[in-house]
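>>> what would the 3D arrangement of this be:
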Amino acid sequence: MKYIGLGTKQGIISRFADYVSSGKAETFKMFGLDFIFGRREGAYVWDITNGKKLINCHCNGGVFNLGHRNPKVIAALTSALEELDIGNHHLISEQRAMLAEKLAQLTPGDITYTVFGVSGGEAVDLAIKLARGYSKKLKIISAIGGYHGHTGLALATGDEQYRQPFGPNPPGFVQVPFGDIAALEKELDESTAAVIFETVPATSGMPVPPEDFYVEVRRLCLERGALLIIDEIQTGLGRTGKLWGIEHFQVVPDIMVIGKGLSGGIYPMSATCFRKELESFFREHPFIHVSTFGGAEVGCPVALAVLEESSRPEFLEHVVNLARLFAQGFEELKKKHPTILVRLRQLGLMMGIEMVNEQCGPIMTRACYDHGLLSIYANNDRRVSQLLPPLNIDEGLAYEILERLDGALKDTKEFLGL
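The predicted structure follows:
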């Protein structure tokens with residue numbers, strides 16, 4: 001059966017505006033981004049009707065770490081469909097047990113247990129519920145400009161622009177500047193249940209924290225009896241050149257949240273992973289949290305395939321080599337475009353192109369599109385364009401991305417008169 005190209009482009013846009021979101025349709029029209037995913041394969045996506053081809057350097061924040069329609073991931077799902085379905089979210093599950101065991105083997109330190117969900121926001125919600133339930137404390141400290149999802153408790157940790165339309169924030173949530181140990185030390189007290197940070201905050205434009213930042217965060221949490229939650233939804237699964245971004249900082253969190261890439265771009269899956277001692281809360285309240293579709297049995301082989309590929313030493317070495325190539329390439333781009341390009345914020349292939357002002361990000365998004373790149377600006381720091389290519393591209397495509405960025409920077413610079 002055919003699923004792509006069943007209508008005209010304008011007809012699809014009109015139907016989307018009438019039945020999905022008129023606001024989104026108008027926004028994309030304003031930006032001149034009327035691209036509709038048609039064929040998709042590896043690092044590439046094609047427009048549904050006019051054949052325009054883009055290199056995906058957005059990747060849904062890491063959903064497509066392994067590219068679109070990765071053959072190993074598709075094979076895992078196809079095979080699973082021969083025997084499995086969603087399963088039952090209350091009963092003991094062979095598939096969830098196997099996936100959780102694999103995560104226990106791969107996650108840092110003594111992180112042992114996992115509860116599965118569908119989205120990153122859901123997984124963050126559970127992390128906060130667990131921190132509060134286990135500690136019997138209320139306060140949750142997060143980063144100003146951070147982003148952990150659009151669901152209830154996850155939303156409460158995020159930027160004000162996402163919370164304000166829905167009324168006052170729930171009690172107990174406070175924010176500090178990311179990377180500022182002094183501010184955290186002032187706010188973190190004995191009433192704090194947990195501190196939650198993204199290893200590298202993507203929506204804030206990928207600011208990489210100082211090398212000793214998480215060591216100090218961990219020290220403060222231990223001193224004051226707070227748990228440390230690390231959000232690896234975008235930095236995990238090899239994006240930074242290590243399987244987990246937090247490994248760069250030699251810290252083991254109490255709770256770690258995984259999502260996006262765990263799906264392989266094929267079947268939604270997220271995970272809230274935590275240290276063995278925290279499981280005492282669920283031992284006392286085994287049915288206090290359920291997710292009907294979380295850890296769907298048919299999706300577990302997909303996540304296992306992702307973990308097997310992402311944890312291969314050769315795969316991670318390839319990411320490190322690509323990161324080095326991009327770093328060198330940006331040094332050359334900075335020489336060519338000194339009036340607009342400030343720096344590359346980078347941890348592996350978690351990359352943010354920092355430019356001179358907040359006009360640059362939105363204009364650069366359109367310029368990238370014109371040059372065949374799908375890349376968006378960081379909504380909480382519009383000086384920055386996010387650059388998140390698939391992790392398994394070859395060096396030739398990496399050089400091509402740099403060439404296209406060269407053209408996009410030139411166009412952005414000329415448009416803004418820089």
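>>> who's in contact with Ile181?
Under the criterion of CB atoms under 8 Å, 6 or more residues apart in numbering, the contact list for Ile181 reads Phe213, Glu216, Val217, Leu220. For the C-beta atoms, the positions are set from N, CA and C on the backbone; glycine is no exception.
>>> how about stretch 189-201: buried residues?
Neighbour counts using 16 or more other CB atoms under 10 Å place Thr192, Ala193, Ala194, Val195, Ile196, Phe197, Glu198, Thr199, Val200, Pro201 of stretch 189-201 among the buried residues.
>>> ok, now stretch 246-256?
Of the residues in stretch 246-256, those buried by neighbour count under the rule 16+ other CB under 10 Å are Ile246, Glu247, His248, Phe249, Val251, Val252, Pro253, Asp254, Ile255, Met256.
>>> with adjacent residues omitted, what lies nearest to the second one?
Put plainly, it is Glu247. In space, and not counting its chain neighbours, Glu247 is closest to Pro108: 6.4 Å by CB to CB, 6 or more residues apart in numbering.
>>> so that neighbour touches Val252, yeah?
Yes - counting by CB atoms under 8 Å, Val252 is a contact partner of Pro108 at 4.6 Å.
>>> what touches both of those two?
Going by CB under 8 Å, 6+ apart, residues that sit against Pro108 and also against Val252 are Ile246.
>>> how about the residue nearest to Lys137 when sequence neighbours are not counted, secondary structure?
Once flanking residues are discounted, Lys137 sits nearest to Ala193: 3.9 Å by CB to CB, 6+ apart. At Ala193, secondary structure determined by DSSP: H, G, I helix; E, B strand; the rest coil is strand.
>>> isn't Ala193 up against Lys139?
Yes - in this structure Ala193 lies within contact range of Lys139 using CB under 8 Å: 5.9 Å.
>>> hey, what's in contact with both of these two?
Each of Gly172 lies in contact with both Ala193 and Lys139 under the rule CB under 8 Å, 6+ apart.
>>> the residue nearest to Asp34 when sequence neighbours are not counted: neighbour count?
Distance criterion CB to CB, 6+ apart; nearest residue to Asp34, sequence neighbours excluded, is Phe28 at 6.0 Å. One way to gauge burial is a neighbour count; for Phe28, by other CB atoms under 10 Å, it gives 17.
>>> ok, Phe28 to Thr365 distance?
Taken as CB to CB, to the nearest Å, the spacing of Phe28 relative to Thr365 amounts to 11 Å.
>>> buried ones in stretch 70-84?
Applying a neighbour-count criterion of 16+ other CB under 10 Å, one finds Asn70, Val73, Ala76, Leu77, Ala80, Leu84 buried in stretch 70-84.
>>> tell me the one among the residues you listed nearest to Pro338.
When the buried residues of stretch 70-84 are ranked by distance to Pro338 (CB to CB), Asn70 comes first, at 38.6 Å.
>>> so what pLDDT did the closest one get?
Reading off the confidence values, Asn70 has pLDDT 99.
>>> ok, now which ones touch Pro301?
Ala76, Leu77, Ser79, Ala80, Leu84, Gln95.
>>> can you do 10 Å?
73, 75-81, 83-84, 95, 98-99, 267 (CB atoms under 10 Å, 6 or more residues apart in numbering).
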